[in-house]
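Asker: this one's sequence-less:
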């Protein structure tokens, strides 16, 4: 392997999340808080005749009884530290010191962190708070389902709220509180129909059974999802039933259905999501080699890819599930379609995805996933050669700021911020944002985005580690294939790179952009005839796509066909004053055509315009011919050092 996979990647560290820190507060106050915690059991439940009350007129005695019941329950008995978290925050609130319940205080008094503890760098309290809310939810859905007193925590707060069950179910709640409460309940109810074997072949039949079983298995293990049927077998003719009636019978918001067919040397899997009205709102197709030995692996990978693609919309679905049901929310098909378009990876598809995300925002202005989708669309456009990438990144930053105001702990938010900062050459801030995202969970797109930053910084071994993580989740993604092949190209080990790329065909054909990188590796490996054939095939597909035409012209020029490359550039207006491609792309084409001085001049202009694609200056092999030029070195230093920009003389 040309890039050693580093399985001991550095532990991700989280920056501050806007939660107030009291690192410089009075130490005596901390001692008083600690003393109150230590003395909680000694105080017992003795109270004066006039007993203090909290929230809904609940007595402290009743709250302490409920606290003892929760901590002593089987749900909490194996979670001693969570019980301490709960007891400490409840007792501190009952003592009238709720305002002291900050992240630093809980970290030092409950989790034993030293006085030098920095919440910005250690997310233990935030992570445990999320676990505590889930444990309380589990308690009140099982053992405590008839309890009259409820102890709850709103997301983002460490102060417990006390309510009576009748008030909790009948009192009106603010919209934000309602969304937060509902979002933590496993309300997305999913049914999986057995996949249908179209070909009636041995391999397709086995794949249909395996895929149904794997999909159910992954869904059952997915937080926020409840599978309403857990059998991979179904009666004959089940696919002919009315899906709307079936969804009601199975008590499902959405239904997965799909088909498997054999086509020559390939297996073709099509999967769809159908809502409870019987409307197909989402569809994906996967093609793979017809290889019996890989069947178990492929089935598991398809199931993983499917779940990774629908998971980003789960918060949106669960937000509304208790009232209208997932299937009746009109933005769901738009969100799913936007996700699919964004993954196609072409400039045209990315622009179409942006339009879909904007449609979602018109319907639901608080849909954080859609706001992040807008930010990511602008970042993707900037990376695909649009002329004014600085404007695109400015728009991405505005979207990220809006998303952060709504939900800074949704993993896409810090990941999108990291992407926008990377493309702004603000490397240190970008890494901080990605470290924040990485502690929030596993997410293929986040791994890819972070790998892009690492690759741009020439940290290829680390980048390879995160690309492999994303590969385990969704190897079928077009964006995954493009970044995977780009990283292989950047590694400069072209022989191994070409071999690895051939192995990736197991997960379907390569996107056009990935084929460009494959052709570049062929050229670097002195296989120009094969590269020409790739260029000709791409030329037939690239009509009307200036960025792709630029890449094809660059390939042909690198193969020695400079006249053909120059004609393509002229016909597509690639060097016109209002060129449809970035100056960085123009410079790459000029280098392939042998015009180094004009290429450096265009790179300098790209620097002044703060073009996003200049992040590749440090590692792109196509720039090797000018690396010793002092003008290029000055540009490289300016980008790698980031703002403020040095004077280039």
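Answerer: Yep, that arrived. No experiment lies behind these values; they were computed from the predicted model shown.

Asker: look up how far residue 308 lies from the nearest residue to residue 307 once chain neighbours are set aside.
Answerer: Among residues not flanking residue 307 along the chain, residue 218 sits closest, at 5.0 Å (C-beta to C-beta, 6 or more residues apart in numbering). Yep, even glycine has a C-beta here, placed from its N, CA and C like the rest. Separation of residue 218 from residue 308 (C-beta to C-beta, to the nearest Å) stands at 9 Å.

Asker: same deal with residue 615?
Answerer: Note on residue 615: its distance to residue 308, by C-beta to C-beta, is 26 Å.

Asker: so for the two, which sits in the more crowded spot?
Answerer: Using other C-beta atoms under 10 Å as the criterion, residue 615 and residue 308 rank with residue 615 on top: 24 against 20.

Asker: who's in contact with residue 586?
Answerer: 550, 574-575, 579, 602 (C-beta atoms under 8 Å, 6 or more residues apart in numbering).

Asker: need the pLDDT of residue 263.
Answerer: For residue 263, the pLDDT comes out at 83.

Asker: please name the bridge partners of it.
Answerer: Beta-bridge partners recorded for residue 263 (DSSP bridges): residue 266.

Asker: domain-wise, how is this structure divided?
Answerer: Domain assignment for the chain by automatic domain parsing gives 27-171, 188-327.

Asker: highest average neighbour count across those?
Answerer: Comparing these by mean neighbour count (mean count of other C-beta atoms under 10 Å), domain 188-327 comes out on top with a mean of 18.

Asker: pretty sure residue 610 sits in a strand.
Answerer: No: per DSSP: H, G, I helix; E, B strand; the rest coil, residue 610 lies outside any strand segment and is coil.

Asker: the spatially closest residue to it that is not a sequence neighbour: neighbour count?
Answerer: Take residue 610 and drop its neighbours on the chain: the residue closest to it by C-beta to C-beta, 6+ apart is residue 390, 4.4 Å away. The number of residues packed around residue 390, counting by other C-beta under 10 Å, is 16.

Asker: contacts only, for residue 390.
Answerer: Taking C-beta under 8 Å, 6+ apart, one finds 609-612 in contact with residue 390.

Asker: quick one: low-confidence parts of the protein?
Answerer: Along the chain, the model assigns pLDDT under 70 to residues 1-56, 120-121, 166-187, 223-224, 229-242, 311-330, 643-649.

Asker: give me that answer again for 50
Answerer: Scanning the chain for pLDDT under 50 picks out the ranges 1-51, 169-186, 232-238, 240, 312-329, 645-649.

Asker: could you pull up phi and psi at residue 572?
Answerer: phi -100, psi 10 (degrees, to the nearest 10).

Asker: surely it touches residue 548?
Answerer: No: applying C-beta atoms under 8 Å as the test, residue 572 and residue 548 come out as separate, 9.7 Å apart.

Asker: re earlier: ok, the contacts of residue 390 vs residue 412, which is closest?
Answerer: Nearest to residue 412, judged by C-beta to C-beta, of the contacts of residue 390 is residue 612 at 19.2 Å.

Asker: thought that closest one was touching residue 392?
Answerer: Yes: at 7.3 Å, residue 612 and residue 392 qualify as touching, with contact defined as C-beta under 8 Å.

Asker: contact partners for the residue nearest to residue 307?
Answerer: Listed by C-beta under 8 Å, 6+ apart, the contact set of residue 218 reads 303-304, 306-307.

Asker: using the three-state scheme, assign the residue nearest to residue 610.
Answerer: Following three-state DSSP, residue 390 is assigned to helix.

Asker: distance of it from residue 627?
Answerer: Using C-beta to C-beta, residue 390 is found at 25 Å from residue 627.

Asker: residue 357: which of the domains of the chain is closest?
Answerer: Closest approach to residue 357 among the domains of the chain is made by domain 188-327 (11.8 Å; C-beta to C-beta).

Asker: report the distance from that closest one to the chain centre.
Answerer: 21 Å (C-alpha atoms, centre = their mean, to the nearest Å).

Asker: can you list contacts of stretch 132-151?
Answerer: Residues outside stretch 132-151 that contact it (C-beta under 8 Å, 6+ apart) are 58, 62-63, 65-67, 69-70, 73-76, 79, 82, 85-86, 90, 152-153, 155, 160-166, 168, 184-185.

Asker: could you work out the end-to-end span of it for me?
Answerer: 11 Å (C-alpha to C-alpha, to the nearest Å).

Asker: strands along the stretch 401-550 of the chain, start to end?
Answerer: Here the stretch 401-550 of the chain has no strands by DSSP state E, counting those that start in this stretch.

Asker: name the helices or strands packed onto the helix or strand encompassing residue 377?
Answerer: Element membership for residue 377 (DSSP states H and E) is helix 368-383. The contact analysis (3 or more C-beta pairs under 8 Å, 6 or more residues apart in numbering; DSSP states H and E) places helix 368-383 against helix 314-321, helix 331-344, helix 347-363, helix 389-406, helix 412-423.
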